[in-house]
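K.L.:
sharing a model prediction with you, sequence too.
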Amino acid sequence: MVTYLYRCPERHESTTNTPMGQAPAAVDCACGARATRAYTAPMVRSMSGAQQRVHDAAAESAERPRVAHRASDPTPTPHSDPRHTLLPRD
């Protein structure tokens, strides 16, 4: 669920929790006017701890991306499941 913010012409604000992509463009305000959806920064206060860590890591990598200091080993690791050898190869 995502929290969406709505604002009416009288500047009253209201929020609604709706599945992502299913929020209406406008809702009825308590004052009787039509409130339109306001585009704001994501409201992250309802994230779990794991989601918050991922969000923080993504924000940090935008400013300071991790840099590889050595090339990875080009030798493929052996598969533990023998059925993997039956998979098609390009």
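P.N.:
Done, it's in. As the structure is a computational prediction, the values presented were derived from the model and not from experiment.
K.L.:
mind listing what's buried along stretch 28-38?
P.N.:
29, 35 (16 or more other CB atoms under 10 Å). In this view, the C-beta of every residue, glycine as well, is placed from N, C-alpha and C.
K.L.:
repeat for stretch 53-72
P.N.:
Applying a neighbour-count criterion of 16+ other CB under 10 Å, one finds nothing buried in stretch 53-72.
K.L.:
what strand or helix carries residue 27?
P.N.:
For residue 27, the enclosing helix or strand under DSSP states H and E is strand 26-28.
K.L.:
now do that strand, average pLDDT.
P.N.:
For strand 26-28, the mean per-residue pLDDT is 92.
K.L.:
which of the helices or strands spans residue 17?
P.N.:
strand 13-18.
K.L.:
contacting residues around that strand?
P.N.:
Strand 13-18 is contacted from outside by 1-7, 23-24, 27, 29-30, 35, 38, 43, using CB atoms under 8 Å, 6 or more residues apart in numbering.
K.L.:
kindly give a single ChimeraX line that selects the buried subset of those.
P.N.:
Paste this into ChimeraX to select the buried members of the contacts of strand 13-18, with burial taken from 16+ other CB under 10 Å:
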select :4,5,6,7,23,27,29,35
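K.L.:
before we move on, back to that, direction included, what does the strand holding residue 17 pair up with?
P.N.:
strand 2-7 (antiparallel) (DSSP bridges).
K.L.:
contacting residues around the partner strand?
P.N.:
Contacts of strand 2-7 with the rest of the structure, by CB under 8 Å, 6+ apart, involve 13-20, 23, 26-27, 29, 35-38, 40, 42-43, 46.
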